[in-house]
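Asker: pasting the structure only:
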């Protein structure tokens, strides 16, 4: 009591054995905690690489040929329409501005592909046209699998259009939109699956929480023991 | 009352389910209509809360604040969990994962990992220090009336910003159930929660909290069994079974595994942006993930209403074990929240569903998955229950900071018990009314609004507790320095946020909005505050008084 220097509390300078053990325990648990949470993010940063979806590879291949109107053929138009629809299928993730560029692109492509005598009817009211005609063969889509999902997107994707020409603005924006939505950060950490999950997702959403509970139990039990051993009254 | 309501359930199902069941086939029922079953369930639950509150009326100020310190660790754990699991956990987390995928998991990890810090660094010590409120501790440890007053004002401000998100959640759910306007929904919801808090005080609140926890967790988990079962995933443990749904979302799912309530296929094109880290499509970066996670963690360990929970347990050992139990109970919900986001993602992948209010995605997901309507109603009631339990705790924390720390300790030390009680009530009313007004501004998603409170706590109160408990050398001047630095960082972040929100432009607007965003400014604010505290404490001539050093060593650390 007389010598205040003795009773000064400093986490890193424990004066009793109990305090020393307690410090050790806290440091160990805090290190596990920090490395498990933030170390894993660092691992993801180190290993992740931008990996394109198949649709992006398809787009990269077809786009130069499409921009050059000489080489623009039916297949290119169909494929670009499919890729654009696939991005529109990301729905929630899309920005409104990007949605409207893609919708315009899909609608112009359909108009382009249609036979001349039907262009007018489609351009004015694409939804009415869609309800009466099956566009699958024109777009090169099957009736099943992902093609079915793509086709089901048409009612919300088609808008009235006057001509099939892509504007300079569209041609400028489309590649960056495709890149934004079709390239993802991936690595073996994200591509390995564990009990159904992508591994990194399981680790973050479940394992870390389990670890937190375990760390807490370890601390509470060790402290109980430590207090018992040092006969500390609470 | 709870038993009564569960007895009522089969009757309610018979009475109300048929017309609602028929309604789910049309797109319009997702919102905008008065929903009979859910409304009745909600009313039954709310009345039972008020009744439990009534039977446990607060008799004097010490019961009002600290519930007589007679609750077991498991019970206190449930109270911690219920107090903690707010609209942000129940609605907000799934919403932010739905909107920005893996980025949203930073909230899941941040809001659970903080408990480890809280436990190993503070819980037992706080209990042993033995004060009623966070401001009490600050004022006592740093022997300063001014700091007590400032701490109390901060506690009020933090509780206030925490409440804003809750009231937004209450508003969204009342709007959904009653089919009324958001504004009216907020006003009605705020009035009910206020009446209930005023009547019950904290003892009632604590007992209610255990009941509320049970309602919250049951209502949250039941729909998950139904969703996983319905769409052919491993349903016995939905928290494991949904892993395949995440993988299906990443790789795409076709042919369909079922049909949604709106008649759309349960199928999706590949949407890796849902699960891949910091996907460019979400506009979120690795830095933001880490900054949010860290800010939420230290914020958890600095939130006055969380810290205050440790005063209601009898012993320090109970304080520690109540954290363990609390975290476990919290994790039950946090393991489950992502399930809603991924099912919501697939079920709303058809653009015909339209843009859904993200903060209500939990309820929409259950609806789109054609979960039995009364169970969806229970889910909505659970959400309201979650918001209510937190709000009542926050109003108590805010009001006690007002009456105990500001009024009694700082302004009028001669106040009688009666006057203090009155001030606590007046404080509660003023706070509830002003929170409701701010909630009407719709400044952000629930989870984000609540994250502001965490960052505030993280860079002001957390450093004071951390250094106050673990370093006797931290003195009054150091505390002031740290607090002012933390507050300055918070002020800058909030001013830039509000100016940006209303379209204004300040110097370095873009950089500050990114590096000191309102949701995560504590990543910088807290370390700076700690450094300032240490530096000024070391260089100032004044020393922590001996009696505080001795008290710290003997009582708090058993030296």
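Answerer: Perfect, thanks for sending it. Note that the coordinates shown come from a computational prediction; the quantities given were computed from them, not determined experimentally.

Asker: what residues are up against residue B:147?
Answerer: Applying Cβ atoms under 8 Å, 6 or more residues apart in numbering or on different chains, we find residue B:147 in contact with B:138, B:139, B:476, B:479, B:480, B:483. C-beta coordinates here come from the backbone N, C-alpha and C atoms, glycine included.

Asker: Which pLDDT value belongs to the second one?
Answerer: The one in question is residue B:139. We note a pLDDT of 92 for residue B:139 in this prediction.

Asker: what about it, which SS state?
Answerer: Classification of residue B:139 using DSSP: H, G, I helix; E, B strand; the rest coil returns helix.

Asker: Likewise for the one 4 residues further on?
Answerer: For residue B:143, the reduced secondary structure class is coil; criterion used: three-state DSSP.

Asker: Just want the phi and psi numbers for it.
Answerer: phi 40, psi 50 (degrees, to the nearest 10).

Asker: now, which of the contacts of residue B:147 sits nearest residue A:128?
Answerer: residue B:483 (66.4 Å; Cβ to Cβ).

Asker: any idea which element the residue lying closest to the closest one once chain neighbours are set aside lies in?
Answerer: Spatial nearest neighbour of residue B:483, excluding adjacent residues (Cβ to Cβ, 6 or more residues apart in numbering or on different chains): residue B:460 at 5.9 Å. Per DSSP states H and E: residue B:460 is located in helix B:446-470.

Asker: again with residue B:503
Answerer: Using DSSP H and E, no helix or strand contains residue B:503.

Asker: One more: residue A:51?
Answerer: Judged by DSSP H and E, residue A:51 forms part of strand A:49-52.

Asker: Neighbours of residue 97, how many?
Answerer: Reading this off chain A. Neighbours of residue A:97 under the rule other Cβ atoms under 10 Å in any protein chain shown: 10.

Asker: other chain: chain B
Answerer: The burial count for residue B:97: 30, using other Cβ under 10 Å.

Asker: Shouldn't it be within a helix?
Answerer: Yes - with three-state DSSP as the criterion, residue B:97 is located in a helix.

Asker: My guess is it contacts residue B:338. True?
Answerer: Yes - Residue B:97 lies in contact with residue B:338 (Cβ atoms under 8 Å); the separation is 5.7 Å.

Asker: Need the residues touching each of the two.
Answerer: Joint contacts of residue B:97 and residue B:338 (Cβ under 8 Å, 6+ apart) are B:104, B:105, B:108.

Asker: And these, which is closest to chain A?
Answerer: residue B:105 (4.7 Å; Cβ to the nearest Cβ).

Asker: Show the pLDDT at the closest residue to the closest one other than its chain neighbours.
Answerer: Leaving out its chain neighbours, the residue that sits closest to residue B:105 by Cβ to Cβ, 6+ apart is residue A:204, at 4.7 Å. According to the prediction, residue A:204 has pLDDT 97.

Asker: Residue A:204 contacts residue B:109, doesn't it?
Answerer: Yes - counting by Cβ under 8 Å, residue A:204 does reach residue B:109; the two are 6.2 Å apart.

Asker: In CSV: the shared contacts of residue B:97 and residue B:338, plus secondary structure, pLDDT and neighbour count.
Answerer: Output for the shared contacts of residue B:97 and residue B:338, formatted as CSV (DSSP: H, G, I helix; E, B strand; the rest coil; pLDDT from 0 to 100; neighbours: other Cβ atoms under 10 Å in any protein chain shown):
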residue, secondary structure, pLDDT, neighbour count
B:104, helix, 96, 27
B:105, helix, 96, 28
B:108, helix, 96, 28
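
Asker: ok, so of those, who is nearest residue A:131?
Answerer: Using Cβ to Cβ, the shared contacts of residue B:97 and residue B:338 come closest to residue A:131 at residue B:104, 38.0 Å.

Asker: Roughly how far does the closest one sit from residue B:226?
Answerer: 23 Å (Cβ to Cβ, to the nearest Å).

Asker: repeat for residue B:545
Answerer: Residue B:545 is 61 Å from residue B:226, by Cβ to Cβ.

Asker: and what of residue B:366?
Answerer: Residue B:366 is 8 Å from residue B:226, by Cβ to Cβ.

Asker: Which one's more surrounded, these two?
Answerer: Taking other Cβ under 10 Å, residue B:366 and residue B:226 do not tie; residue B:366 has more neighbours (28 against 18).
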